[in-house]
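K.L.:
The following block contains a protein sequence and its predicted model.
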2 protein chains.
Amino acid sequence: MTPNADNADKYRVKSLDHALDVVEALGHGGRDGLAVTEVATAVGMSKSSAYSILQTLLRRGFVASHGSGPTRRYRLGLSFAYLGDQVTSQTGLREVAMPYLEELTRVAGLTSRLAIFDEGYAVAIGRIDGPGTIRIAPFLGRRELPHATAIGKAMLATLGDDEVRAIIEPIGLLARGPNTIVDIDTLLRDLHRTAERGYAVDDEEDTAGVVCIGASVHDRTATCVGAISVTALKHEMRADAAAEIGALVRRYADSITTELGGR
Amino acid sequence: MTPNADNADKYRVKSLDHALDVVEALGHGGRDGLAVTEVATAVGMSKSSAYSILQTLLRRGFVASHGSGPTRRYRLGLSFAYLGDQVTSQTGLREVAMPYLEELTRVAGLTSRLAIFDEGYAVAIGRIDGPGTIRIAPFLGRRELPHATAIGKAMLATLGDDEVRAIIEPIGLLARGPNTIVDIDTLLRDLHRTAERGYAVDDEEDTAGVVCIGASVHDRTATCVGAISVTALKHEMRADAAAEIGALVRRYADSITTELGGR
DNA sequence: AACCCCGTTTGGTGATACCGAACAAGATCT
DNA sequence: AGATCTTGTTCGGTATCACCAAACGGGGTT
């Protein structure tokens, strides 16, 4: 028995893993949720197993359901809203930064975001939507590539070359947009320029047609604890406006840093 | 065997229930998280079981850990930030309402919130913090009593008396603050007045020293889909200011309703 | 009205979740 | 600095239970 024994199952609770599959499936399920059979096929398990898992999550408020009988559908419940808020609030950074983000969005007229580092990736923990009708980069909590985003490069630029290499090495320089930097030396040069001028620029490096400008935030020990950024469509931001916006973003980042007692 | 057979275990995945206990414990764990033993005692299970659950959640990004050896501590991971954002975004209401909330907070100088109905309770799904240093009612996703909050009463006031009774009956009129309405007839009178003037007032009914003013939001079928509110300390809001703020909140709620094509 | 589809229920069994106890490695105290 | 205590981590066995296949029943659709 135990034919291959990857050792990957050590301290793994299989049924919990299955339940997490269900949760993630529901997370991608969209507005009207998923039916039991859809969940079962999505995670590759039997209908009745999916049913039991859904019932358990339902009783605990982790999923909600509407409809009954053959029209019944399940989606994630409000418990996740509560826990997600707890997580993003646990970083005291968010409480301090959000008022500045609101002002930045109002002044610049652009969607702004707040992100932290998580195992080498940039993860947004706060967002203020701009007046535009289209929603750009709307996700919180999703890992984003550090070398392809303004928010990631702003944070990388605060580190030494060897630290950057150590972070990038396991992730790799994947091409995401038309201008993604896929060469480590080019990236390091870009980061040096970023450090000099005080703000990072993502010019269609992550998504075609989208430009971002970001700047880092520091705590009282002068270490980088996060970054803020604004996002715009390419045609909204002309080349000469970038420097102006960059200075603005940098100014707000510095204000947050100051309130944290940092730099 | 099966000595009492409550029938409560039907379609219950016990190990998943245990894992949810762990998640909730971590949710209340605060900034620096919980140690394995703390988790085990909090949920009432063995150390090794808690360890396996934590390891499984860790590998999936649902918890994060820092430290190692005897100083290792666990807290909820950023997956919850992502899923929580998904949940609150699934209600299209949030995307429409948040820009108005931002403006309302700026104009009124007070923390404002957006809430929906969830099985008779009011649940906040969006928030813009005001300039004050103290954080009032900061939670998202937590169920709040409908009869004791401005946001809840604003929604109740859009219903008929019998519907209100049907909602209140299973919940009860629990006393929360100094002025909580604990009598159903008094509540109904308050709701009638709320409907007439267009905004609800919570004058220390939920929390001592805190007053809230809320107004309901409607969709194109004229049914109430949620409510917004502002929160202030009692000494910040004089009696004559309430009517002014009430009209303001009501105006912003109407703007959201209009953008939804409603009323 | 008949068909079909899908949510719900049931029962059995092989896998496994849980526990108790031992091991190891920092932290704390003297 | 050394001893001791506390706490995270590992391991093995067994009663439990998570999973599946198949059957049931009720809406929705044609």
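P.N.:
On my side now, so go ahead. Residues are numbered from 1 along each chain as shown, chains lettered A, B, ... in the order given.

K.L.:
So which elements touch the one helix or strand residue A:103 maps to?
P.N.:
Element membership of residue A:103, judged by DSSP states H and E, is helix A:92-108. Applying 3 or more C-beta pairs under 8 Å, 6 or more residues apart in numbering or on different chains; DSSP states H and E, one finds that helix A:92-108 contacts strand A:111-118, strand A:121-128, strand A:224-233, helix A:239-259, helix B:92-108. C-betas here are computed from N, CA, C, even on glycine.

K.L.:
which stretch among the ones you listed comes nearest DNA strand D?
P.N.:
Proximity to DNA strand D (C-beta to the nearest atom of the strand) singles out strand A:111-118 among these, at 19.2 Å.

K.L.:
Report the mean confidence score over the closest one.
P.N.:
For strand A:111-118, the mean per-residue pLDDT is 93.

K.L.:
is chain B contacted by it?
P.N.:
Yes - Strand A:111-118 reaches chain B (C-beta under 8 Å from any C-beta of the partner chain) through residue A:118.

K.L.:
Partner strands of that strand and their direction?
P.N.:
strand A:121-128 (antiparallel), strand A:224-233 (antiparallel) (DSSP bridges).

K.L.:
Whichever residue of the stretch 1-150 of chain A sits closest to chain B sits in which helix or strand?
P.N.:
Chain B sits closest to residue A:84 of the stretch 1-150 of chain A, with a gap of 1.9 Å, by C-beta to the nearest C-beta. Using DSSP H and E, residue A:84 sits in helix A:79-90.

K.L.:
what angle separates that helix from strand B:121-128?
P.N.:
40 degrees (axes from the mean of the first three to the mean of the last three C-alpha atoms, to 10 degrees).

K.L.:
Show me which positions of the helix holding residue A:103 end up buried.
P.N.:
A:93-94, A:96-102, A:104-106, A:108 (16 or more other C-beta atoms under 10 Å in any protein chain shown).

K.L.:
Nearest to residue B:54 among the strands paired with strand A:111-118 would be which one?
P.N.:
Closest to residue B:54 of the strands paired with strand A:111-118 is strand A:121-128 (C-beta to C-beta; 20.6 Å).

K.L.:
so residue A:190 makes contact with residue A:153?
P.N.:
Yes - using C-beta atoms under 8 Å, residue A:190 makes contact with residue A:153 at a distance of 6.8 Å.

K.L.:
Quick check: closest non-adjacent residue to the residue of the stretch 151-263 of chain A found nearest chain B.
P.N.:
Across the stretch 151-263 of chain A, no residue is closer to chain B than residue A:259, which sits at 11.2 Å (C-beta to the nearest C-beta). On the basis of C-beta to C-beta, 6 or more residues apart in numbering or on different chains, the spatially nearest residue to residue A:259 that is not a chain neighbour turns out to be residue A:96, at 5.3 Å.

K.L.:
Next, find the distance separating that neighbour from DNA strand C.
P.N.:
As for residue A:96, its distance to DNA strand C is 29 Å (criterion: C-beta to the nearest atom of the strand, to the nearest Å).

K.L.:
how about that residue, what does it touch?
P.N.:
Contacts of residue A:96 were listed using C-beta atoms under 8 Å, 6 or more residues apart in numbering or on different chains, and they are A:256, A:259, A:260.

K.L.:
So residue A:195 lies in a strand, does it not?
P.N.:
No - applying DSSP: H, G, I helix; E, B strand; the rest coil, one finds residue A:195 to be helix, outside a strand.

K.L.:
pretty sure it is in contact with residue A:157, am I right?
P.N.:
Yes - with contacts counted by C-beta under 8 Å, residue A:195 reaches residue A:157, the gap being 4.5 Å.

K.L.:
Compare those two (neighbour count), which wins?
P.N.:
Ranked by neighbour count (other C-beta atoms under 10 Å in any protein chain shown), residue A:195 and residue A:157 place residue A:157 first, with 25 against 16.

K.L.:
The more buried one against residue A:198, yeah?
P.N.:
No - assessed by C-beta under 8 Å, residue A:157 is found out of contact with residue A:198, at 9.2 Å.

K.L.:
what separates residue A:105 from residue A:249, distance-wise?
P.N.:
11 Å (C-beta to C-beta, to the nearest Å).

K.L.:
and residue A:181, helix, strand or coil?
P.N.:
Looking at residue A:181 with three-state DSSP, the answer is coil.

K.L.:
show me the contacts for the closest residue in space to it that isn't next to it in sequence.
P.N.:
Excluding its sequence neighbours, the residue lying closest to residue A:181 (C-beta to C-beta, 6+ apart) is residue A:187, at 4.8 Å. Residues in contact with residue A:187 (C-beta under 8 Å, 6+ apart) are A:147, A:156, A:164, A:168, A:173, A:181.

K.L.:
so the third one is in which element?
P.N.:
What it means is residue A:164. helix A:161-171.
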